[in-house]
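Asks: show me the folded form of this:
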Amino acid sequence: MTSLETLDLSHNKLSGTITPSLVQLSFLSKFSVADNQLEGAIPTGGQFMTFPNSSLQGNNLCGFHALSCPLDSNPEEWIVDQLENHQE
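Replies: Numbers count the residues shown, from 1 in each chain. Take a look at the predicted model:
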């Protein structure tokens, strides 16, 4: 799977966060998770810096390509806080 070039998961009602391990997909040239229910920090590094904003729109994401995370110095902390506050 490390040679995956295209990953389109848009319009799938996905929730949660974007896994940071996706930055390891060095051949990924097209990526979209648009119009889901994702939240948290957008991974940085790898190919993520090259994807257009439209590939991430329609979610509640923060960081590069979007609004700054509330805790700019530590987006991972913000994710943990969001997960803890959304547990039932």
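Asks: going forward, measure contacts between C-alpha atoms and count neighbours the same way
Replies: Will do.
Asks: any weak-confidence spans in this protein?
Replies: 1, 65-68, 70-88 (pLDDT under 70).
Asks: longest strand in it, please.
Replies: strand 37-41 (DSSP state E).
Asks: show me what the next helix or strand along the chain from that strand is packed against.
Replies: Next helix or strand after strand 37-41 toward the C-terminus (DSSP states H and E): strand 60-62. Secondary-structure packing of strand 60-62 (3 or more CA pairs under 8 Å, 6 or more residues apart in numbering; DSSP states H and E): strand 37-41.
Asks: for the nearest residue to Asp8 once chain neighbours are set aside, give its distance to Cys62.
Replies: Excluding the flanking residues, the one nearest Asp8 by CA to CA, 6 or more residues apart in numbering is Ser32, at 4.7 Å. Distance of Ser32 to Cys62, computed by CA to CA, to the nearest Å: 15 Å.
Asks: same question for Gly40.
Replies: 6 Å.
Asks: more neighbours, the two?
Replies: Using other CA atoms under 10 Å as the criterion, Gly40 and Cys62 rank with Gly40 on top: 24 against 21.
Asks: I'd guessed Lys13 sits against Gln37; true?
Replies: Yes - between Lys13 and Gln37 a contact is recorded at 5.9 Å, counting by CA atoms under 8 Å.
Asks: which ones are touching Phe48?
Replies: Val23 (CA atoms under 8 Å, 6 or more residues apart in numbering).
Asks: what do you get if the cut-off is 10 Å, keeping everything else the same?
Replies: Leu22, Val23, Gln24, Leu25, Ser26, Leu28, Ser29, Lys30, Phe31, Ile42, Phe64, His65 (CA atoms under 10 Å, 6 or more residues apart in numbering).
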